[in-house]
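A.B. asks: What would the 3D arrangement of this be:
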Amino acid sequence: MSRVFERDVALCFNSTDFEKENFDPDSFVAAQGRVVDLQVLLKDIKTYQSKIKNSLIEVINRDYQNFVDLSKTLLDVDADIEKVYEPLRKWKSDLSSIENEILESLTSSNQVLSDKKDLIRRKEQINSLKSIETVLVALEAALFDSYGERVIIKNLDKLKRLSLELSSVQSKLNLCEASMVSELQTKRLQSIESHLLHLIGNHFESAVYDENPDQLNSVFQLYSALEKLNHAEDQYRQKIVCPYMKEKISRLSNDRNCKAFYDEVLNFFPQKALFVMRTTELSGVPFRFETNSVFAEAVDCISREYPHFFMPDACKDFKSRYDISMSFLSEFESTLSSKEKVDQFRKSQHYRNFCDRWSLPVYFQLVLQELISGLEDAITHSSYSKSGDSSRFQLVVSKATSDCLERLWSTEIFILPLISKFLRLTLQVGFRFLKWSLVVRESFSNRRDNGNLDPIQQTEKVDSRNDIQYRDFVVLLLSDIEGVSSFFLELISSRISEELRKLPMDKDECSSSSSDVFNDISNRMLQIVPEIRNEVIDQLTSDCLSALKPVSEIPRLYRKTNRSVPETPSDYIKAVLSIISEFNKKFKPALSSSSHSGIISTVSRSFSSKYQKNITEICDSVEKIEQSLKKIRSSKSLKSLGDFPVASAPEKGSILSDSEKIYLQLYIDVEFYSCQICEYLPDLAADSSMESLMESVQFASVYREKVIYGR
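C.D. replies: Model prediction:
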């Protein structure tokens, strides 16, 4: 192969790509266009094309004689092909004609064979009809007298023979087309079958009452021969079960006594059906009287006596009836002798009809209306109101949310077949509370944007009986959002997981998926907690700083006032601690430990920082005044000042100067604040802001010693 087909380092592509069988120009250009410019690609392709042409010319020149010989050889090929073409074309036409003739012959033969089979089938049906007529005449002669009256036959062997003959007639009729059987023959057959079943039914009833196992087994054989075991089940239901059920249900005063009726249904088996149960179990006859006789009649009795038994009314009463009925189903299944019978019972039409009668979707709509209406009413009319009772949640909306979810998953309302709807409703309730929380959070922003207006006073949706101040509301909202978030996790880990484990599926996977969804809602709630916590911190810090303002008046209280040496904390610091104490007493039980400690510590740091700044400014101011007075005292013009108060020495009879009294008062205030605030949160003792605050007044501790020791 020429070297032009090998990779050329001067080209931007691999030339062997053109030799691939599945080479696609569009794909090639698209692939190369990602790494090189299209103009460069076009240039290299033209270069490669030129090399190929030159190579082709070289090949032709090198093998020129071979090309000439090949051309001469191909001159007579067309004439040879023309000679062969015409015979081949004629041969193809002849083969096609032969094929068509064969297909026509096959079609004709198939039609003849089909007609012959149809004639044979019709002949067989005619012969069957002749024999059927003969058997019908014989059966009528055995079962009816000359006047057409029914004959009573007590001999089981004779009934068995007649049953086999009737079964043979029915089998032959099934082979015949419906149009070939006359209406008269059908009526005669029905009359024979009806009378024969009546006779067998009499023997069946006698065998049950007399508890004769041989006779009962013989009767089952007759029913099996006729494929009419369902007739035996109906007979047992009408003659044995129905009178028993009517007697028991007539004793009930109302549908709330359904448990007593269900107990009587279960008592039917040991009281009335032990013989039949033992006989059928030993014989292996598929006589499903438990389902088609006892259970079917019990359900029909309830429906006849209490038409509204299966209809949802009051949620609690309906749930009670439903639970009792489901418990009855479980106990009824325990009476069945084998797992096969249990499976057949669950697949039966009677079982499905019983379960479908409960109108569970309607019940869910009633639950939805009853529970959600309370929550929506709380959001609409009591959105900013405090809960009146001492519950886990402080606000009306939060309590309504928890009450709604608790009732939803309570044993008085929850129904396992509706678990998917209950889970969906639980998520909707969670998102509804989350939406309400976001709306309230938005009101905080509006409050700041509208000049610090109180959103509680702006809204008209306030319950006047439980109005609360905005500052209290923010704290309670913080507490409730954390509480509801935790409540959701508790709900999925306990009650919901317990119900999910009852489902016939991968329990771990199902529980994990549900936990992920509930965790997501819980996390979304917690995402708005920091902003609300900051709002609480801002409010509490603002109150404390407002109470701190009188600290700037301390120098005025001691400068040239002959005020006694300070021994107790100032009123302003008591006011600050009173604010924190009131907050701690009022909201510590409601808040989580992390939120409470976070709020107190953050407020303390902010307050300590501002407090230290004020103390520094006061100390600087006092120091400046002292320096000024010293300069004035040492001035030569001291006499010209007259009685100007320049001395800062202690007053007569006083241990401390005015400045020292100021410093001592600040020290007493800071020490008192530090001790009190650390009682609320001991960890603050090691906080840097508290240590820095104490250091700012530590120098004044000597003045206390001076007062104590009189130095």
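
A.B. asks: Low-confidence ranges, the stretch 151-300 of the chain, go.
C.D. replies: Within the stretch 151-300 of the chain, the segments meeting pLDDT under 70 span 175, 178-180, 253-256.

A.B. asks: the helices in it, which residues?
C.D. replies: Assigned by DSSP state H, counting those that start in this stretch, the helices in the stretch 151-300 of the chain fall at 156-175, 183-210, 213-226, 229-236, 242-249, 258-272, 274-283, 289, 296-305.

A.B. asks: can you check the stretch 501-650 of the chain too?
C.D. replies: With DSSP H, counting those that start in this stretch as the criterion, the stretch 501-650 of the chain has helices spanning 507-527, 529-548, 554-558, 571-587, 593-633.

A.B. asks: quick one: Lys610 from Asp69, how far?
C.D. replies: 110 Å (Cβ to Cβ, to the nearest Å). No exception for glycine: its C-beta is placed from N, CA and C like everyone else's.

A.B. asks: which stretches of the stretch 1-150 of the chain form helices?
C.D. replies: So, for the stretch 1-150 of the chain - with DSSP H, counting those that start in this stretch - the helices run 25-33, 38-62, 64-73, 77-143.

A.B. asks: Which one, of the helices of the stretch 151-300 of the chain, ends up nearest to Ile662?
C.D. replies: Ranking the helices of the stretch 151-300 of the chain by proximity to Ile662 (Cβ to Cβ) places helix 258-272 first, at 84.7 Å.

A.B. asks: now for that closest one, which elements pack on it?
C.D. replies: If contacts are counted by 3 or more Cβ pairs under 8 Å, 6 or more residues apart in numbering; DSSP states H and E, helix 258-272 sits against helix 242-249, helix 296-305, helix 315-335.

A.B. asks: could those go into TSV alongside distance to Ser514?
C.D. replies: Converted to TSV, the helices and strands packed on helix 258-272 look like this (distance: least, Cβ to Cβ, whole Å):
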stretch	distance to Ser514
helix 242-249	42
helix 296-305	34
helix 315-335	22
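
A.B. asks: returning to what we had before: could you redo the helices of the stretch 501-650 of the chain as TSV and give each row distance to Asp377 and mean neighbour count?
C.D. replies: Shown next, in TSV, are the helices of the stretch 501-650 of the chain (distance: least, Cβ to Cβ, whole Å; neighbours: other Cβ atoms under 10 Å):
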stretch	distance to Asp377	mean neighbour count
helix 507-527	22	15
helix 529-548	24	18
helix 554-558	54	18
helix 571-587	27	17
helix 593-633	29	17
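
A.B. asks: and Ile324, which of the ones you listed is closest to it?
C.D. replies: helix 507-527 (26.6 Å).

A.B. asks: could the helices of the stretch 501-650 of the chain go into TSV alongside distance to Glu281 and mean pLDDT?
C.D. replies: As requested, the helices of the stretch 501-650 of the chain are exported to TSV (distance: least, Cβ to Cβ, whole Å; pLDDT from 0 to 100):
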stretch	distance to Glu281	mean pLDDT
helix 507-527	35	76
helix 529-548	66	89
helix 554-558	101	87
helix 571-587	71	90
helix 593-633	66	87
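
A.B. asks: shaky segments in the stretch 1-150 of the chain?
C.D. replies: For the stretch 1-150 of the chain, the ranges with pLDDT under 70 are 1-9, 75-76.

A.B. asks: at 80 what do you get?
C.D. replies: Residues of the stretch 1-150 of the chain meeting the criterion pLDDT under 80: 1-10, 33-35, 60, 63-83, 121-122, 124-133, 135, 146-148.

A.B. asks: List of residues touching stretch 126-144?
C.D. replies: 150-151, 153, 158, 162, 165-166, 168-169, 172-173, 175-176, 180-181, 185, 188-189, 192, 195-196 (Cβ atoms under 8 Å, 6 or more residues apart in numbering).

A.B. asks: swap in stretch 398-418?
C.D. replies: In contact with stretch 398-418 (Cβ under 8 Å, 6+ apart) are residues 315-316, 319-320, 322, 360, 363-364, 367, 371-372, 374-375, 377-379, 387, 389, 391-393, 422, 425-426, 429, 432-433, 480-481, 483-484, 487-488, 491, 495-496, 499, 502-503.

A.B. asks: Could you tell me which of the residues you listed belong to helices?
C.D. replies: The helices, defined by DSSP state H, take in 315-316, 319-320, 322, 360, 363-364, 367, 371-372, 374-375, 377-379, 422, 425-426, 429, 432-433, 480-481, 483-484, 487-488, 491, 499 from those.

A.B. asks: among the residues you listed, which ones are buried?
C.D. replies: 315, 319-320, 322, 360, 363-364, 367, 371-372, 375, 378-379, 422, 425-426, 429, 432-433, 480-481, 483-484, 487-488, 491 (16 or more other Cβ atoms under 10 Å).

A.B. asks: Check Phe699 and give its pLDDT.
C.D. replies: Model confidence at Phe699, given as pLDDT, is 88.

A.B. asks: separation between the nearest residue to it once chain neighbours are set aside and Ile573?
C.D. replies: Of all residues not flanking Phe699 in the chain, Tyr663 sits nearest, at 7.3 Å (Cβ to Cβ, 6 or more residues apart in numbering). Applying Cβ to Cβ, the value for Tyr663 to Ile573 is 15 Å.

A.B. asks: circling back to that earlier point, select, out of the helices of the stretch 501-650 of the chain, the one closest to Thr280.
C.D. replies: helix 507-527 (37.6 Å).

A.B. asks: Next, Val151: phi, psi?
C.D. replies: Phi and psi for Val151, reported as degrees, to the nearest 10, are phi -100, psi 140.

A.B. asks: what's near enough to touch it?
C.D. replies: 142-145.

A.B. asks: circling back to that earlier point, Asn230 is nearest to which of the helices and strands packed on helix 258-272?
C.D. replies: Once the helices and strands packed on helix 258-272 are compared by Cβ to Cβ, helix 296-305 is nearest, at 11.4 Å.

A.B. asks: Check what contacts that closest one and list those residues.
C.D. replies: Contacts for helix 296-305 (Cβ under 8 Å, 6+ apart): 237, 241-242, 245-246, 249, 252, 255, 258, 261-262, 265, 309-310, 350, 353-354, 357.

A.B. asks: Quick check on the residues you listed: which are buried?
C.D. replies: Listed as buried from the contacts of helix 296-305 are 237, 241, 245, 249, 252, 255, 258, 261-262, 265, 309-310, 350, 354; burial here means 16+ other Cβ under 10 Å.

A.B. asks: Just put those residues in a markdown table and tack on distance to Pro25.
C.D. replies: Compiled in a markdown table, those are given as follows (distance: Cβ to Cβ, whole Å):
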| residue | distance to Pro25 |
| --- | --- |
| Arg237 | 81 |
| Val241 | 84 |
| Met245 | 85 |
| Ile249 | 86 |
| Leu252 | 88 |
| Asp255 | 82 |
| Cys258 | 81 |
| Phe261 | 84 |
| Tyr262 | 81 |
| Val265 | 82 |
| Phe309 | 78 |
| Phe310 | 73 |
| His350 | 71 |
| Phe354 | 71 |
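
A.B. asks: Quickly check those residues for the two that are furthest apart.
C.D. replies: Arg237 and Asp255 (22.6 Å).

A.B. asks: Look at Tyr48 and say how many residues are nearby.
C.D. replies: 17 (other Cβ atoms under 10 Å).

A.B. asks: Double-check it against Cys12; I have them as touching.
C.D. replies: No - the pair Tyr48 and Cys12 fails to qualify as a contact (Cβ atoms under 8 Å) at a distance of 10.1 Å.
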